[in-house]
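K.L.:
after the sequence you'll find the predicted model.
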Amino acid sequence: MPKIIGSSLAEHREQVRHRLFTALSTLMETSGFDAISLADIAARAGVGRTAVYNHFPDKESVLLGFIEHETGAYVAALERALADVDDPVDQLRVYVLQQIQLKRVYHLAPGPDLRTVVSRATMERLRDHIDQVEQMLRRILVLGIATGRLPRQDLDAVVPLVNSCLAGRPVPDSGPARDRAIEATVGFVMRAVGVDPVTVDERQLTGV
């Protein structure tokens, strides 16, 4: 009988899934998803290959589980960060900063774009998770327009454009270069939705 990790079957299942997600994330930092096998994931996780099938039927299912887990954690963290922020422009700044912090291994992995190496059904489910994040940005922009803090604009076009910009923007890990990159990114997104970042900074300094 396989060794149980943790004090219960539920904890065992959660620990195994965590190991598999960590293994996939680590592997995708250096390899394209197409080059990673289920055996690679199992070996990296220290889990028997046959045991993996008790949780996921194939590596695309591991990917979906990983992204679902990451998206859920990110959305919860973003909701907490926005909980005490009332002004939609300030909310937008928080959103951008949270997006910069998000580590998108599945976007940044070397090798072919995921869209070319996974099934259409998997891509549709991946899109569902992207939509969860986009809806949060849309909510902020809708509030900004309703309160007159932002100009009217085509949100169907603006929301995916902003998120694409943030997803593809490389930011240094630390130091002055990171600070400059973050400042430039925040300023770019603010201007893209019709906000003068200089005016926002002045308002924060004066308390207006």
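P.N.:
Thanks, I have the structure now.
K.L.:
could I get the full set of helices for this protein?
P.N.:
Applying DSSP state H to the chain gives helices spanning 9-27, 38-45, 49-52, 59-82, 88-101, 105-108, 120-146, 155-168, 175-192, 197-206.
K.L.:
wait, which of the ones you listed is closest to L114?
P.N.:
Using C-beta to C-beta as the measure, helix 105-108 is the one of those that comes nearest L114, at 6.3 Å. For every residue, glycine as well, the C-beta is placed using N, CA and C.
K.L.:
average pLDDT across the closest one?
P.N.:
Mean pLDDT, helix 105-108: 52.
K.L.:
now swap in stretch 17-34 and tell me
P.N.:
Rounded mean pLDDT across stretch 17-34 is 89.
K.L.:
now it: buried residues?
P.N.:
17, 19-21, 23-25, 27-28, 32-33 (16 or more other C-beta atoms under 10 Å).
K.L.:
show me how far it is from its chain's centre.
P.N.:
15 Å (C-alpha atoms, centre = their mean, to the nearest Å).
K.L.:
ok, now stretch 136-156?
P.N.:
For stretch 136-156, the distance to the chain centre is 21 Å (C-alpha atoms, centre = their mean).
K.L.:
what's the spacing between F188 and Q132?
P.N.:
Computed as C-beta to C-beta, to the nearest Å, the F188 to Q132 distance reads 24 Å.
K.L.:
okay, now the domains of the protein?
P.N.:
9-57, 59-193 (the TED database).
K.L.:
related to what we said a few turns ago, same list (the helices of the chain) but as CSV, adding distance to L114.
P.N.:
Shown next, in CSV, are the helices of the chain (distance: least, C-beta to C-beta, whole Å):
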stretch, distance to L114
helix 9-27, 12
helix 38-45, 16
helix 49-52, 20
helix 59-82, 8
helix 88-101, 19
helix 105-108, 6
helix 120-146, 7
helix 155-168, 12
helix 175-192, 23
helix 197-206, 33
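K.L.:
tell me the two of the buried residues of stretch 17-34 that are most distant?
P.N.:
It's R17 and G32 that sit farthest apart of those, by C-beta to C-beta, at 22.7 Å.
K.L.:
which positions in stretch 179-199 come out as buried?
P.N.:
182, 185-187, 189-190, 193, 195, 197.
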